[in-house]
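Asks: Sequence and computational prediction follow.
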Amino acid sequence: MEQEKSYHFQVNLKGMIALLSEHLYSDPNTFVRELLQNGVDAITALKHLDEQHEGKITVELPSAETAKFIFSDNGIGLKEADIHQFLSVIGESSKSKDIKDAQDFIGKFGIGLLSCFVVSDEIVVETKSALEQIPLRWTARAEGDYKIERMDEDISVGTRVFLTPKKQYNYIFEADYFKEKIKFYGDALRQPIVLKVDATEEIIHQGEPEWLSSTISKTALLDIGKDLFHVNFLDAIPFETTAGKAQGVLYILPFRTQFSTKQRHRVYLKRMFLAEEDQSMLPNWAFFVRMLVNTDELSATASRESLMKNDLLRQTRKEIAAVLKTYLQQLKKIDFDIYLQIIRTHYLHLKAFALEDADFLKIFLADIPFETNRGQRSFQNILDHQQQVYYCSDFEDFKQIDRMADTQGMILVNASYTFDTELLRKIKQRYSEYIITEMSPSQLLGTFKSIHADEQIQFLSFKEAVQKILDDYNCTLEIRRFKPIDTPAIFTKMDQDNVQNTISQLKENANPFARVLKSVPQKKVQNTLCLNADNSLVISLMDIKDAYMLRSIIEVLYVQALILGKYTVQEREMKILNDALKNLIVMGLDNFVNL
């Protein structure tokens with residue numbers, strides 16, 4: 001048997017660069033961030049040897065005299081062995097080897113420098129190690145080759161990176177554009193950054209960012225938020241976590257957002273800007289929040305454009321969620337106006353997450369707003385008016401009975417909106433002290449007063465005559481007392497549709513019970529026409545002996561009740577109304593217009 005051979009993978013550097021530019025790095029400006037990270041990490045490494053060392057980063061833009069872009073740091077520099085191992089081996093990183101405090105470094109994947117190939121076909125690195133004191137030059141080309149040579153001239157300890165911009169990316173190296181980008185990535189760094197343009201130098205970053213100060217005022221935080229996000233936020237909440245060592249500000253948005261909308265944040269890792277669209281540090285219910293944050297212990301993904309999802313990140317998110325909940329709990333007492341603004345603006349999100357989070361539900365329960373037949377009211381306001389909460393989960397039902405509920409003095413919630421029905425059922429389940437009742441037209445009918453026993457006999461022959469008429473319309477007659485008394489009749493549609501809807505939903509979910517339900521003989525459910533025993537017209541109907549006239553009047557009342565109940569009136573019903581009115585005119589009924 002022949003001896004098996006082992007082979008090394010071959011890397012096509014051009015293909016790797018295409019992969020980096022098209023997939024790993026979403027923005028050609030990313031090389032700015034990568035160079036800053038490498039410079040900061042080199043300075044950090046030297047500080048481990050010399051605590052008094054003051055780091056500095058200098059950037060020189062291309063000019064008429066030189067077409068080169070030069071990025072310099074006064075960090076620890078690289079030895080020749082380091083260059084072979086860390087610059088020339090894709091995926092190798094100096095920041096995870098030989099240094100006890102590797103957690104202090106921003107980068108660790110060892111591919112950041114390759115992002116420079118996106119904007120330049122050649123990378124030249126000149127470096128002098130604080131440990132070896134030998135100046136070296138590393139030249140790498142996008143074709144996949146590199147060389148190392150000792151420099152004749154001496155240089156300071158640190159590293160310089162030279163790039164020759166590709167024509168299509170010349171705009172990146174223009175002064176105003178580049179200044180904006182380097183401030184964007186490095187505005188929270190501890191190290192000063194100096195920008196050289198032609199013969200002028202400008203310190204574009206120096207000192208601690210204000211928003212990380214423990215003594216900063218809320219007004220100043222709101223000003224910073226407005227400057228960064230261009231939004232006049234409702235409030236600013238400074239926070240700090242133990243997990244992940246995160247520190248920053250939570251900003252409350254002043255406008256409603258969509259659930260699908262991803263908020264833009266400012267997330268920094270060890271003071272280096274990391275991402276705008278990373279949502280992972282916030283709880284999923286915090287759609288109404290934007291965040292400005294720095295974390296010293298969380299890790300970045302290989303692209304360094306988002307945080308790595310792990311247990312530490314999840315614990316950090318829990319702490320931030322607790323901060324936000326505590327704020328919302330206390331805000332009602334501290335600043336009730338802002339509390340109400342948050343509810344009015346973000347009530348839909350609050351309802352959604354009150355369904356999932358018991359703490360959230362407890363915080364906002366009393367003040368959650370609902371649409372009712374008497375306008376928008378809070379949950380507590382409804383209870384202050386009546387001892388229980390009535391609601392309709394179907395909008396058609398709400399339309400049909402809202403006027404009748406109002407005349408009965410009942411506040412009725414239109415719970416057909418997103419989350420409302422589920423939320424009311426959740427409240428009923430969790431808080432037994434609240435009486436919450438779902439209403440439908442048929443249930444409202446059950447709240448009307450029945451006629452007295454002696455009146456039952458009085459109405460008997462009348463009921464029999466009217467029921468014969470209503471049999472033609474699949475309708476049952478009821479005679480009850482209800483308000484307003486000027487309404488002679490109301491129509492209620494029974495809940496047969498609910499059964500069919502349930503069967504349809506089960507079928508959609510491939511539930512075997514759908515077939516069982518459909519096979520069970522369904523009792524034919526009739527609609528109801530309820531006559532008002534206190535209405536003068538209904539009282540006068542009892543004296544009509546002419547069956548033909550009685551039918552015409554009942555048919556008019558039937559269609560009138562359909563219209564009053566906001567049911568769909570089709571051609572058949574309009575024909576019934578027109579024929580009945582015509583018959584009454586022919587019969588010469590006085591005052592028929594009052595119908």
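Replies: Thanks, I have the structure now. Numbering: from 1, shown residues only.
Asks: low-confidence ranges in this structure?
Replies: 1-26, 86, 88-112, 495-525, 588-595 (pLDDT under 70).
Asks: Could you identify the longest helix within it?
Replies: Using DSSP state H to define each element, the chain has its longest helix at helix 311-334.
Asks: Just the residues contacting that helix, thanks.
Replies: Residues outside helix 311-334 that contact it (CB atoms under 8 Å, 6 or more residues apart in numbering) are 235, 237, 239, 241-244, 246, 250, 280-283, 286, 289, 295, 297-299, 307, 338-339, 342, 359-360, 363-364, 367. Using the backbone N, CA and C atoms, a C-beta is placed for each residue, glycine as well.
Asks: Return the subset of these lying in helices.
Replies: Counted as lying in helices by DSSP H, out of these, are I338, Y339, I342, D359, F360, I363, F364.
Asks: Top of those residues by number of neighbours, please.
Replies: Using other CB atoms under 10 Å as the neighbour criterion, I342 leads those with 24 neighbours.
Asks: any idea how far that residue is from I427?
Replies: I342 sits 20 Å away from I427 when distances are taken as CB to CB, to the nearest Å.
Asks: ok, now R551?
Replies: For R551, the distance to I427 (CB to CB) stands at 48 Å.
Asks: before we move on, what about Q315?
Replies: For Q315 relative to I427 (CB to CB), the value is 31 Å.
Asks: Show me which of these two is the more surrounded one.
Replies: I427 (18 against 14).
Asks: my guess is the more buried one contacts I435, does it?
Replies: No: using CB atoms under 8 Å, I427 makes no contact with I435, being 10.8 Å away.
Asks: ok but Q37 is inside a strand, no?
Replies: No: secondary structure of Q37 (DSSP: H, G, I helix; E, B strand; the rest coil): helix, not part of a strand.
Asks: what's the burial count for it?
Replies: 26.
Asks: just E201 next, same as before
Replies: E201 has 12 neighbouring residues, counting by other CB under 10 Å.
Asks: What of V161?
Replies: V161 has 25 neighbours, counted by other CB under 10 Å.
Asks: M151 versus that one, what's the distance?
Replies: From V161 across to M151, the span is 15 Å (CB to CB).
Asks: Show me the contact partners of whichever strand or helix holds E371.
Replies: Assigned by DSSP states H and E, E371 belongs to strand 369-372. Defining contact as CB under 8 Å, 6+ apart, one finds that strand 369-372 is touched by 343-344, 347, 376-379, 382, 391, 411-415, 417, 420.
Asks: Dump that strand to PDB, restricted to CA.
Replies: Written as PDB, here are the backbone C-alpha positions of strand 369-372 (Å, rounded to 0.1, in the frame of the first residue of the first chain):
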ATOM      1  CA  PRO A 369     -54.500  52.800  25.600                       C
ATOM      2  CA  PHE A 370     -57.300  51.100  23.800                       C
ATOM      3  CA  GLU A 371     -59.700  52.400  21.100                       C
ATOM      4  CA  THR A 372     -63.300  52.500  22.400                       C
END
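Asks: quick one: that strand to chain centroid distance?
Replies: When distances are taken as CA atoms, centre = their mean, to the nearest Å, strand 369-372 is centred 22 Å away from the chain's centroid.
Asks: Next: stretch 74-91.
Replies: 44 Å.
Asks: Return the set of buried residues in it.
Replies: By neighbour count on 16 or more other CB atoms under 10 Å, the buried set for stretch 74-91 is N74, G75, I76, G77, L78, K79, D82, I83, Q85, F86, L87.
Asks: Compute the distance between the fifth one and P192, please.
Replies: L78 is 22 Å from P192, where distance means CB to CB.
Asks: do F173 as well
Replies: Taking CB to CB, one finds F173 at 21 Å from P192.
Asks: can you tell me which residues contact E80?
Replies: E132, I134, L136, I148.
Asks: Run the angle between whichever strand or helix holds K351 and helix 311-334 for me.
Replies: Assigned by DSSP H and E, K351 belongs to helix 336-354. Here helix 336-354 points in a direction 140 degrees away from that of helix 311-334 (axes from the mean of the first three to the mean of the last three CA atoms, to 10 degrees).
Asks: Quick check: buried residues in helix 336-354?
Replies: Neighbour-count burial for helix 336-354 flags 339, 342-343, 345-354 (criterion: 16+ other CB under 10 Å).
Asks: Then stretch 132-149?
Replies: For stretch 132-149, a neighbour-count test (16+ other CB under 10 Å) marks E132, P135, L136, R137, W138, A140, A142, Y146 as buried.
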